[in-house]
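Colleague: Fold the following, please.
(chains A and B)
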Amino acid sequence: MGSFQSLPDDHQYRTLSQKTGFSLEQIGILHNRFKQLSQNEDTLRNFQKDATGSVQEIGFEEFLTVMSYFRAPAHQITEEQREEIRRAKLRFLFNMHDTDNDGTITLEEYRHVVEELLSRSGALGRETAKGIADAAMLEVASITVGPMAPDEFYEGITFEQFLKILKGVEIETRMHIRFLNMDTTVLCK
Amino acid sequence: MDDTAGTEADKTNPELFTLNYARIKIPFEITLWVLLASFAKIGFNVYHKITVWVPESCLLISLGFVVGGVMHAVRKEPPAVISSNVFFLYMLPPIILESGYFMPTRPFFENVGTVMWFAVVGTLWNTMGIGISLFAICQIEAFGVQDINLQENLLFAAILSAVEPVAVLSVFEDISINEQLYIVMFGECLFNDAVTVVLYNLFNHVAAMEVDEPAVIFMDIGGFFVVGLGGIFFGLLFGFLTAFTTRFTGKVREIEPLVIFMFSYMSYLIAELFALSSIMAILICTLSMKYYVEENVSQRSCTTIRHVIKMVGSVSETLIFFFLGVVSITTEHEWNWGYILFTLFFTLFWRFLGILVLTQIINPFRKIPFNFQDQFGLAYGGLRGALSFALAFTLPNSIPHRKLFITDTIAVIIFTVFIQGITIRPLLKLMNIRKTNRNLETINDEIHKRLMEHTVAGIEDLCGQWSHYRWKDMFMKFNNRFIRKILIRDNRPESSIVSLYKKLELRNALEILDTMSGDISAAPSLMSLYEERKNASKHKKFLPSDVENMHELLSKNMYKIRQRTVSYTNRHSLPNENIAKEILMRRHTTIRSSLRSGSFHATNSANTSHKFCSLPVGQSLNSGFPPGRFRHTDHIDAESETAYPSNRSTFRHQRRSSSKAGIPLRPLNDLREDNEPNEEMPNKMSHPRSKFRHSGHQTSRQYYGTSRNCRDTDFEEQQSSLSPHGWTEEPQNNSDVQHPLMRKPQ
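Modeller: Have a look, this model is predicted:
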């Protein structure tokens, strides 16, 4: 499979494999890809100019961990395992939205998500995005909390509520990538 | 003498009544048959329960038996509907057009590999399997059919491999089967029609040549791909042409439906001209043009198109099943117990085996693999129907056992339609097949789905693993950059999230407006939570009576919320709202009422009676909006109209900005500043009209009818009846209660 710049131990791979669930081959391939992206350095630098995330650099292990969230669930797994995997994936998503890591997705954060999502179709102003985010928050509130008293204020979406509203969406099937055992690094830029 | 006197008398007295039957014979008979079939449909649907348990096709065939029996008794021949030309040129295209047009594209493209696999390989498998095993059976002397050679058996097998989805799909839809299975079944049936016809022509050709070498047969299978690809090519060509033409029909809206029908039909005919797969052509034409056409045509044209396609397709289907019944009685049959029974057996056997084997092969490639129940559903749902019937009748007369084949086909069709069609529903229920949860569409779902797609596409790119998301992404980019610019008149890309959001907001607005006519002390409005937080200083609770009032009014209005992604379409009716859910509405309102609370009151403490208006007094509804667009003249499946206002409205508002999306429920003076929001009004006006009519809630009508009287009035009248109705002047209000959505974009 190609040679690596710095040969990691088999042992290191094995621990990674245990942690993330990838097979050794797959880890090898992904490492290759990582090297390609990071130009043979050890870490990926954060390219955003105004990086608000807390991680400036991403090492291979972190890369792999993120990828592991997108693994497909095996065919024969029990309901519990499926539920667990679902939770893990949704947790990942949740953390993705919750940029300040306070455990809730506030309106601002959600707005940010929606704006990013809609920024492609440039014809929209920020107003619509705001409105959509508002409506979405209202929905979450209505579904999870139910009718609230007039003075209550809805803080933000907690993880449990997040789980609840996304019950309808089959995350396991949407959020997964088939990690092939084939080295495709030569094919992509 | 008397005669001449008589004739003279005849000539001199003008006859008052003449019967010139011969002149109108053909149109008359056609009309009569169509009417008869329509009456049958009406009759069956009178008692809904029947069609739940017995598929409509069964009922139609039974009726056909009756009529056939009558005709046979009076020694009259049924019309030659099943002759080759009439069927293939007039009756089949509408059916395919209907299936193609209402195919849910997104699930289809996600499953296209599976669909094609089952359609092509499955059909080939079935044909070969049945053909060869029947040939083996023929060798047995006891059955007395030794003279049927291999080609004829294969030909016959090709006829039998055409699967008919009608009955099965309606059952699937009824029990809300999981989407994957539905789309695979739908797609498979559709495409295997194409494959069957190609195979049939192939074998026909071969059988006519009376060549006994198998090698020739297999060589011609190569031609099969040429035919298929040729069909696809013409389909794409005509789809492109149609979409392009509709770009220019802005001024001549009336001919838009015509353009679409003619081009689709033309694609079918041209493919027939070149002996390519016409079914593929019309299918691909429809699939490709649908998206672009619906963006270009006016809303009424869109409704017309959908409606006409449904109508013609449905009539065609009904007639075919009906004639199946009629002709089964009136033709001469040749019965051969052994052959027919074995045919039945092999049909079932090879279908089951085929599905099993093919699924095993394709399951690893699927994201959601098919489990055993799914496979059973697929296999058992393989009913034969119209196409097999027609193909059997077009068998050339040179085949010695033609009658046997016809009888056999009819036997198989009747067996599958009746026995399998009736029992599939209880069986599937028994097997606890995977269902889909047709829950309410929510903005969150849509957002997250989209988010997932983008995320996964991004991650795939990152780790260098490609899958169909990448293709989809690439295609969308290509689409946006080139294709849309050419084919669409006003190119304004719009995300599905925004469309959905606008639609839901419109509904909200309508609902709020409807609650206006009561005396509510304060109407809720959709406030930004953030703004609310800022203004949360003074809170004033609603009076309990107000809340009760509101709840009561709301509970009288049950909105049926349509699912945006219409995954299932019932073949026998336009997409209608089967589900009555107003949860989202209610919750929205209660949330609003709870959130909204005092800040509004705080600033308008003077007035106890606030009415929120969406129109500044005196302003015409038609500002910037084509008038009469929602003129509702008939009651037929009004929902088809309702989805469109929301969807159409997004495409309509080209020059306007995003603030159109907002519910114009805000103080009047703000509205006076900008003139734009009003065009949403006509949308909203039509909604309750059409929805209420269909929902059948009496209360809604009663409180609605008097104040609005929308049903028969045009919008101008509506407008005038509204403004005196009490859109009161609003007190000066400050900007902090301004709804963010209504602000003009900077």
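Colleague: in a helix, that's where residue B:168 is, yeah?
Modeller: Yes. The assignment for residue B:168 (DSSP: H, G, I helix; E, B strand; the rest coil) places it in a helix.
Colleague: roughly how far apart are it and residue B:384?
Modeller: Between residue B:168 and residue B:384 the distance is 11 Å, computed by C-beta to C-beta, to the nearest Å. Backbone N, C-alpha and C define where each C-beta goes, glycine included.
Colleague: confidence score at the residue lying closest to residue B:180 once chain neighbours are set aside?
Modeller: Excluding its sequence neighbours, the residue lying closest to residue B:180 (C-beta to C-beta, 6 or more residues apart in numbering or on different chains) is residue B:368, at 5.5 Å. Note for residue B:368: predicted pLDDT of 77.
Colleague: try the one 4 residues further on
Modeller: The pLDDT attached to residue B:372 in the predicted structure is 84.
Colleague: roughly how far apart are it and residue A:11?
Modeller: Distance, residue B:372 to residue A:11, by C-beta to C-beta: 42 Å.
Colleague: Could you give the number of residues near the residue nearest to residue B:180?
Modeller: Each residue near residue B:368 was counted by other C-beta atoms under 10 Å in any protein chain shown, and the total is 17.
Colleague: hang on, it in a helix?
Modeller: No. Counting by three-state DSSP, residue B:368 is not found in a helix; it is coil.
Colleague: isn't it right next to residue B:181, touching?
Modeller: No. Applying C-beta atoms under 8 Å as the test, residue B:368 and residue B:181 come out as separate, 9.7 Å apart.
Colleague: What helix or strand is residue B:192 located in?
Modeller: According to DSSP states H and E, residue B:192 maps onto helix B:179-209.
Colleague: mind listing what's buried in that helix?
Modeller: Buried residues in helix B:179-209, defined by neighbour count with 16 or more other C-beta atoms under 10 Å in any protein chain shown: B:179-204, B:206-207.
Colleague: Would you tell me what the next helix or strand after it is?
Modeller: Heading C-terminal from helix B:179-209 (DSSP H and E), you reach helix B:214-247.
Colleague: after that next one, next one along is what?
Modeller: Next along from helix B:214-247, by DSSP H and E: helix B:256-273.
Colleague: Can you give the domain ranges for chain B?
Modeller: Using the TED database, the domain parsing of chain B gives B:84-431, B:448-492.
Colleague: Lowest average pLDDT across those domains?
Modeller: Across the domains of chain B, the lowest-scoring stretch is domain B:448-492, with a mean of 71.
Colleague: which residues of chain A score low on pLDDT?
Modeller: Within chain A, the stretches with pLDDT under 70 are A:1-9, A:21, A:38-58, A:72-77, A:118-126, A:128-129, A:143-156, A:168-189.
Colleague: Do you have the strands of it handy? List them.
Modeller: Ranges of strands within chain A are A:43-45, A:57-59, A:104-105, A:157-158, based on DSSP state E.
Colleague: Pairing partners for the third one, with directions?
Modeller: Under the criterion DSSP bridges, strand A:104-105 sits next to strand A:157-158 (antiparallel) in its sheet.
Colleague: Residue B:69 against residue B:329, yeah?
Modeller: Yes. Assessed by C-beta under 8 Å, residue B:69 is found in contact with residue B:329 at 5.3 Å.
Colleague: Looking at these two, which has the bigger crowd around it?
Modeller: Using other C-beta under 10 Å as the criterion, residue B:69 and residue B:329 rank with residue B:329 on top: 19 against 13.
Colleague: Contacts only, for the more buried one.
Modeller: Going by C-beta atoms under 8 Å, 6 or more residues apart in numbering or on different chains, residue B:329 touches B:64, B:65, B:68, B:69, B:71, B:72.
Colleague: Quick check: closest non-adjacent residue to it.
Modeller: Computed as C-beta to C-beta, 6+ apart, the closest residue to residue B:329 that is not its neighbour in sequence is residue B:68, at 3.2 Å.
Colleague: any idea which helix or strand comes after the host helix or strand of that neighbour?
Modeller: In this assignment (DSSP H and E), residue B:68 forms part of helix B:56-73. Once the chain leaves helix B:56-73, the next helix or strand it forms, by DSSP H and E, is helix B:84-85.
Colleague: For that following helix, which outside residues touch it?
Modeller: B:390, B:393, B:394.
Colleague: For the second one, give its distance to chain A.
Modeller: Counting by C-beta to the nearest C-beta, to the nearest Å, the separation of residue B:393 from chain A is 45 Å.
Colleague: do the first one as well
Modeller: Per C-beta to the nearest C-beta, residue B:390 is found 39 Å from chain A.
Colleague: any weak-confidence spans in the stretch 501-650 of chain B?
Modeller: Along the stretch 501-650 of chain B, segments meeting pLDDT under 70 span B:501-503, B:515-650.
Colleague: Go through the helix holding residue B:68 and flag the buried ones.
Modeller: Quick answer for helix B:56-73 (16+ other C-beta under 10 Å): B:56-65, B:67-68, B:71.
Colleague: mind listing the helices in chain A by residue range?
Modeller: Here chain A has its helices, by DSSP state H, at A:10-20, A:24-38, A:60-68, A:79-97, A:107-118, A:126-144, A:159-165, A:171-174.
Colleague: Let me know which of those is tucked in deepest.
Modeller: Neighbour counts (mean count of other C-beta atoms under 10 Å in any protein chain shown) averaged over each of these peak at helix A:126-144, with a mean of 24.
Colleague: If I take it and helix A:107-118, what angle do their directions form?
Modeller: With axes from the mean of the first three to the mean of the last three C-alpha atoms, to 10 degrees defining the directions, helix A:126-144 sits at 120 degrees from helix A:107-118.
Colleague: what packs against helix A:126-144?
Modeller: When contacts are defined as 3 or more C-beta pairs under 8 Å, 6 or more residues apart in numbering or on different chains; DSSP states H and E, helix A:126-144 packs onto helix A:107-118, strand A:157-158, helix A:159-165, helix B:443-463, helix B:496-514, helix B:529-534, helix B:583-603.
Colleague: and with 7 Å instead?
Modeller: Counting contacts by 3 or more C-beta pairs under 7 Å, 6 or more residues apart in numbering or on different chains; DSSP states H and E, helix A:126-144 is packed against helix A:107-118, helix A:159-165, helix B:443-463, helix B:496-514, helix B:583-603.
Colleague: got the CA positions of it in PDB?
Modeller: Taking C-alpha atoms only, helix A:126-144 is exported to PDB below (Å, rounded to 0.1, in the frame of the first residue of the first chain):
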ATOM      1  CA  ARG A 126     -29.800  36.900   6.200                       C
ATOM      2  CA  GLU A 127     -33.400  37.600   7.100                       C
ATOM      3  CA  THR A 128     -34.700  34.400   5.800                       C
ATOM      4  CA  ALA A 129     -32.000  32.400   7.400                       C
ATOM      5  CA  LYS A 130     -32.900  34.100  10.700                       C
ATOM      6  CA  GLY A 131     -36.500  33.400  10.200                       C
ATOM      7  CA  ILE A 132     -35.900  29.800   9.400                       C
ATOM      8  CA  ALA A 133     -33.700  29.300  12.400                       C
ATOM      9  CA  ASP A 134     -36.400  30.900  14.500                       C
ATOM     10  CA  ALA A 135     -39.100  28.700  13.200                       C
ATOM     11  CA  ALA A 136     -36.900  25.700  13.600                       C
ATOM     12  CA  MET A 137     -36.200  26.600  17.200                       C
ATOM     13  CA  LEU A 138     -39.900  27.100  17.800                       C
ATOM     14  CA  GLU A 139     -40.500  23.700  16.400                       C
ATOM     15  CA  VAL A 140     -38.000  22.100  18.700                       C
ATOM     16  CA  ALA A 141     -39.500  23.900  21.600                       C
ATOM     17  CA  SER A 142     -43.000  22.800  20.700                       C
ATOM     18  CA  ILE A 143     -42.100  19.300  20.100                       C
ATOM     19  CA  THR A 144     -40.000  18.800  23.100                       C
END
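Colleague: Compute the inter-axis angle for it and helix B:443-463.
Modeller: If you take the same axes, to 10 degrees, helix A:126-144 sits at 110 degrees to helix B:443-463.
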